[in-house]
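Asks: Structure, please.
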Amino acid sequence: MKFFLFVSFSLFYSLTFGQNYASLISQAEKKYQDKSYKESVNLYQRAFKLEQKNRSDFYNAACSAALTKDTELAMKWLNQAVEKGFINIRHLKTDSDLNGLHDRQEWKDLVANLQAQVDKIEASYDKPLQAKLLAIYDEDQKYRQQLNEVGQKHGFESPEVKNLWKTIEEKDSVNLIQVKAILDQHGWVGEDKVGPQASTTLFLVIQHADLATQQKYLPMMREAVKAQKAQPSALALLEDRVALGEGRRQTYGSQIGQDSKTGKAYVLPLNDPDHVDQRRAEVGLPPLADYVKHWDIVWNVAEYKKQLPQLDKQAGIK
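Replies: As a prediction, this is how the structure comes out:
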């Protein structure tokens, strides 16, 4: 399973032949989602000729390679992910994409070596807090990961999907109570205290919360990013959600709407569309044209600016 889409994009672009690293990574992830694993692998290979910095990108590439049964390439990329700081052994061990590697001695050696590293790193962790956050993470993601499969099987407006959303909302309310208590007591804890996955739980739960809660903790997350305790790309998503909730245009184009009549997706009102890619690059997000392909949107700045007054009106932007 892909590891944290919103933190897997590179901050810096490397231009070549009209394409750049972030664009290639975004395309590779889309091909993975479409189950076109060989094409995904090819795109990752092209991207890594430009840049080899991001641990999550190497991990995600290994998933695609493993699903094509190219175990040698998958192991190579996994080792590179670990060399560049990937330490989420919990995710690694349970990721079904990598099941085909489990019989290899290289896999066993990698897991053993990574476990030794993790044990050393986590010696200074707040283990009870980490365990609590990881449990919340599982509850936050478990049912959301079922949405696409259930929607494709029964229809996205089906009773099955609506019931699933009801369960998600119930879990979110319980998770939020726990996360607010943690934030109020400990502040925004970073991966140095609880590890990357546990730390990410804070963002996941807050972004799924009501507007008032998002507004309350947004300043705390801004400070956490300055202190390198949270990801700038994650903060960008929260900034956009709060802006739209307050009746303002979003900054990074991360929030997508859907036309109730046609079912077509579109970018919700966006400030200064001409320079959105510059802003996205600054926080580690890919070009908007690549991002919106996940919703089958073709990004055309000129056309979008013509539609923007109507989009503002629909969204209640003042």
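
Asks: Tell me where the stretch 201-318 of the chain has strands.
Replies: Ranges of strands within the stretch 201-318 of the chain are 256-258, 265-267, based on DSSP state E, counting those that start in this stretch.

Asks: Include distance to residue 316 when you put those strands into CSV, please.
Replies: Every C-beta, even on glycine, is put in place using the N, C-alpha and C of the backbone. Listed next are the strands of the stretch 201-318 of the chain as CSV, based on distance: least, Cβ to Cβ, whole Å:
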stretch, distance to residue 316
strand 256-258, 12
strand 265-267, 16
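
Asks: Redo those as TSV? Include mean neighbour count and mean pLDDT.
Replies: Shown next, in TSV, are these (neighbours: other Cβ atoms under 10 Å; pLDDT from 0 to 100):
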stretch	mean neighbour count	mean pLDDT
strand 256-258	14	93
strand 265-267	18	96
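
Asks: Compare those and give me the one nearest residue 81.
Replies: strand 256-258 (29.0 Å; Cβ to Cβ).

Asks: Pop the domain breakdown of the chain in here.
Replies: What automatic domain parsing lists as the domains of the chain is 5-123, 127-230, 256-315.

Asks: What's the end-to-end length of the shortest one?
Replies: So the one you mean is domain 256-315. From its first residue to its last, domain 256-315 covers 12 Å (Cα to Cα, to the nearest Å).

Asks: for the record, mean pLDDT for the helix or strand residue 173 falls within?
Replies: According to DSSP states H and E, residue 173 maps onto helix 159-186. When pLDDT is averaged along helix 159-186, the result is 96.

Asks: Quick one: list the elements packing against that helix.
Replies: Applying 3 or more Cβ pairs under 8 Å, 6 or more residues apart in numbering; DSSP states H and E, one finds that helix 159-186 makes contact with helix 127-142, helix 147-154, helix 196-207, helix 211-226.

Asks: Buried deepest among those helices, which one?
Replies: Comparing the helices and strands packed on helix 159-186 by mean neighbour count (mean count of other Cβ atoms under 10 Å), helix 196-207 ranks first with a mean of 23.

Asks: what's around the closest residue in space to residue 203 that isn't next to it in sequence, how many residues?
Replies: Using Cβ to Cβ, 6 or more residues apart in numbering and skipping the chain neighbours, the partner closest in space to residue 203 is residue 234 (4.6 Å). Residues near residue 234, counting by other Cβ atoms under 10 Å, number 23.

Asks: Pretty sure residue 234 sits against residue 200.
Replies: Yes: counting by Cβ atoms under 8 Å, residue 234 touches residue 200, with 7.4 Å between them.

Asks: Distance to residue 23 and mean pLDDT added to the helices and strands packed on helix 159-186, as CSV?
Replies: Formatted as CSV, the helices and strands packed on helix 159-186 follow (distance: least, Cβ to Cβ, whole Å; pLDDT from 0 to 100):
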stretch, distance to residue 23, mean pLDDT
helix 127-142, 27, 95
helix 147-154, 24, 88
helix 196-207, 24, 95
helix 211-226, 24, 98
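
Asks: Looking at those helices, which is nearest to residue 246?
Replies: Taking the helices and strands packed on helix 159-186 one by one with Cβ to Cβ, helix 211-226 is closest: 7.5 Å.

Asks: Need the residues that contact the closest one.
Replies: Helix 211-226 has contacts (Cβ atoms under 8 Å, 6 or more residues apart in numbering) with 176, 180, 183, 187-188, 190, 202-203, 206-207, 230-232, 234-235, 238-239, 241-242, 245-246.

Asks: State the pLDDT value of residue 15.
Replies: 33.

Asks: what's the angle from the helix or strand containing residue 60 to helix 196-207?
Replies: Secondary structure assignment for residue 60, by DSSP H and E: helix 55-67. Angle between the axes of helix 55-67 and helix 196-207 is 100 degrees (criterion: axes from the mean of the first three to the mean of the last three Cα atoms, to 10 degrees).

Asks: Now do the buried residues in helix 55-67.
Replies: Across helix 55-67, burial judged by 16 or more other Cβ atoms under 10 Å covers 55-67.

Asks: before we move on, the earlier item: and the contacts of helix 211-226, which are buried?
Replies: Buried members of the contacts of helix 211-226, scored by 16+ other Cβ under 10 Å, are 176, 180, 183, 188, 190, 202-203, 206-207, 230-232, 234-235, 238-239, 241-242.

Asks: how about the helices in the stretch 1-150 of the chain?
Replies: 21-33, 37-48, 55-67, 71-83, 89-94, 105-121, 127-142, 147-154 (DSSP state H, counting those that start in this stretch).

Asks: For residue 250, which of those is the nearest?
Replies: Among the helices of the stretch 1-150 of the chain, the nearest to residue 250 by Cβ to Cβ is helix 21-33 (18.7 Å).
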